[in-house]
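[1] Quick one, what's the 3D model for this:
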Amino acid sequence: MGQISARKRIWGWFFFDWASQPYNTLLITFIFAPYVKELMGDGSAAQTAWGFGIGLAGIVIALLAPLLGAMADTAGDRLRWIWGFSAMYVVGSAALWFAVPGDFSIYLILFFFAVGMIGMEFATIFTNSMLPDLGPRETIGRISGNGWAFGYLGGLTALVIMLGFFAESGETGRTLLGLAPAFGLDPAMREGTRFVGPLTALWYMAFMVPFFLWVRDPKPVGTPPGAVRRALGEVVSTLRGLPRNRSRFAYLASSMFYRDALNGMYTFGGIYAAGVLGWTVVDVGIFGILAIVTGAVFCWIGGMADTRFGPKPVIAACILALTLVAVSILFIAPDSLFGIALPEGSALPDIAFYLCGAVIGAAGGVLQAASRTMMVRQADPAKMAEAFGLYALAGKATSFLAPLSIGVATWATGSQQLGVTPLIALFLLGLFLLRWVRPEGDSTPWHASQPASA
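    Alright, predicted model coming up:
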């Protein structure tokens with residue numbers, strides 16, 4: 001076999017984002033989550049179960065992610081780990097087919113969902129660690145951004161296919177295009193919607209082929225003696241040194257909370273709309289398309305704002321926008337809008353929630369892109385890979401906080417609307433900690449001497 005070109009290796013790496021994104025788009029947010037609400041019938045009970053299930057999976061991820069991340073940097077043989085976690089992804093998502101109406105175990109379904117989610121997150125740790133090997137440092141940001149955009153496109157494509165040809169309305173038994181579910185799937189047994197699990201698994205297996213064909217691990221194959229101990233030592237040493245870098249420490253703490261709140265919005269947006277407004281899976285899917293499209297458009301606009309004003313004001317503006325959305329959601333109900341009673345059947349609550357979805361997509365996409373730029377400004381130029389490993393750790397350390405707090409709040413109040421109030425506190429805490437973040441980091445950033453890049 002001839003030598004694989006750098007361009008092919010980069011495109012192979014892109015395909016992991018394309019292959020894995022449907023787990024977020026189809027399962028966590030827009031298709032399977034609202035279907036769980038339909039299965040359980042009670043929106044509050046579904047939101048509580050969803051919160052505890054994802055929260056417990058987040059605890060596993062938080063406990064093991066730092067060690068696995070350090071192993072990715074020191075032990076090598078990353079492709080073997082990606083194969084293993086990919087198997088978890090495929091098995092966990094495919095098993096969601098067994099969420100049969102009237103004949104399912106919510107505990108078993110959440111178990112398989114967690115298996116797939118953990119597989120996705122851990123595979124991402126190892127694929128992300130390959131980013132510095134794909135090109136010179138000055139091109140890494142562009143490569144990373146293009147991969148992110150390619151992943152969004154993959155999620156959007158999978159969502160359109162699911163809505164157009166498989167996911168049926170519970171009332172009509174037809175898809176968004178007015179078709180019967182493909183392959184003769186039985187709408188009475190919700191087989192079209194349940195196919196979201198196997199479709200996600202098949203999508204991943206098909207589009208990971210370019211990754212495994214074109215991506216090579218330049219690190220030594222095999223785990224050297226003492227790799228685990230060395231990885232643990234590096235994690236401990238890095239964490240101990242954080243307080244000496246006040247701006248970086250404040251930024252990681254800030255991003256830990258506001259990213260967790262954003263993930264909570266993504267995770268519970270679909271199940272919230274299904275429970276409070278009575279949306280069908282198809283309705284939530286349209287909501288998802290709107291959010292993804294506005295996210296893609298505003299990421300481009302946000303990139304220009306980031307270049308002109310820097311990432312800190314962009315991050316602050318996005319947090320404020322998302323906080324406003326979280327507050328607004330509390331006042332959107334089927335029979336009222338911001339305390340104003342509405343006639344029965346009014347479309348205003350649905351329109352308002354669609355607008356909230358557009359803002360979540362737009363501000364959420366820009367927030368994630370600007371956050372990555374800010375991490376570059378806070379990082380030590382000589383330890384950029386370590387810095388992004390720490391950034392990944394911060395994103396996972398409290399990944400259980402939003403879903404668990406929403407689960408607890410929903411259980412305590414019995415209300416889906418009041419159940420999302422923890423997101424407001426998390427956003428505001430992130431914004432408060434951002435005040436101690438210096439726009440240029442603790443020292444002169446590397447980009448200060450670099451030409452501006454498109």
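
[2] low pLDDT regions in the stretch 51-200 of the chain?
    69-70, 72-76, 132, 137-142, 144-145 (pLDDT under 70).

[3] my bad, should have said the stretch 351-454 of the chain
    For the stretch 351-454 of the chain (pLDDT under 70), the answer is 381-389, 392, 396, 443-454.

[4] so where do the helices sit in it?
    Here the stretch 351-454 of the chain has its helices, by DSSP state H, counting those that start in this stretch, at 384-397, 401-413, 416-419, 421-434.

[5] Between those, which one is closest to I360.
    Of all the helices of the stretch 351-454 of the chain, helix 421-434 sits nearest to I360, with 10.9 Å by C-beta to C-beta. Just so you know, the C-beta spots here come from the backbone N, C-alpha and C atoms, and that holds for glycine as well.

[6] which of the residues in the closest one are buried?
    The neighbour-count check on helix 421-434 (16 or more other C-beta atoms under 10 Å) flags 421-424, 426-431, 433-434 as buried.

[7] buried ones in the helix or strand hosting W11?
    Applying DSSP states H and E as the criterion places W11 in helix 6-22. Neighbour counts using 16+ other C-beta under 10 Å place 9-22 of helix 6-22 among the buried residues.

[8] Those residues into CSV, with extra columns for distance to R248 and pLDDT?
    Output for the buried residues of helix 6-22, formatted as CSV (distance: C-beta to C-beta, whole Å; pLDDT from 0 to 100):
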residue, distance to R248, pLDDT
R9, 31, 93
I10, 29, 90
W11, 33, 94
G12, 32, 96
W13, 27, 89
F14, 29, 89
F15, 32, 97
F16, 28, 94
D17, 26, 87
W18, 32, 94
A19, 32, 97
S20, 28, 95
Q21, 29, 90
P22, 34, 94
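
[9] Check those against G178 and report the nearest one.
    Of all the buried residues of helix 6-22, P22 has the smallest distance to G178: 23.4 Å, by C-beta to C-beta.

[10] Spatially nearest residue to the closest one (excluding sequence neighbours)?
    A158 (4.2 Å; C-beta to C-beta, 6 or more residues apart in numbering).

[11] and what of A87?
    G119 (7.1 Å).

[12] Next: F126.
    Excluding its sequence neighbours, the residue lying closest to F126 (C-beta to C-beta, 6+ apart) is R78, at 4.4 Å.

[13] The one you found: neighbour count?
    23 (other C-beta atoms under 10 Å).

[14] Check N263 too.
    The local packing of N263 (other C-beta under 10 Å) involves 23 other residues.

[15] What's the first helix or strand after the helix holding W11?
    Using DSSP H and E, the helix or strand that follows helix 6-22 in sequence is helix 32-40.

[16] how far is the next helix or strand after that following helix from where the chain is centred?
    Heading C-terminal from helix 32-40, the first helix or strand you meet, by DSSP H and E, is helix 43-74. Mean C-alpha position of helix 43-74 versus that of the full chain (C-alpha atoms, centre = their mean, to the nearest Å) differs by 12 Å.

[17] After helix 43-74, which helix or strand is next? Please name it.
    Counting by DSSP H and E, the next helix or strand C-terminal to helix 43-74 is helix 78-94.

[18] Now do the buried residues in the helix or strand just after that next one.
    Downstream of helix 78-94, the first helix or strand assigned by DSSP H and E is helix 106-128. Using 16+ other C-beta under 10 Å as the test for burial, helix 106-128 gives 106, 109-110, 112-128.

[19] And for stretch 304-313, what's in contact with it?
    The contact list for stretch 304-313 (C-beta atoms under 8 Å, 6 or more residues apart in numbering) reads 314, 366, 369-371, 373-374, 377, 434, 437, 439, 452.

[20] Averaged pLDDT, it. What do you get?
    What stretch 304-313 shows for mean pLDDT is 81.

[21] all helices in the stretch 151-300 of the chain, in order from the N-terminus.
    Remark: helices assigned in the stretch 151-300 of the chain by DSSP H, counting those that start in this stretch are 191-194, 196-207, 209-214, 227-241, 246-276, 281-309.

[22] I am finished for the moment; much appreciated.
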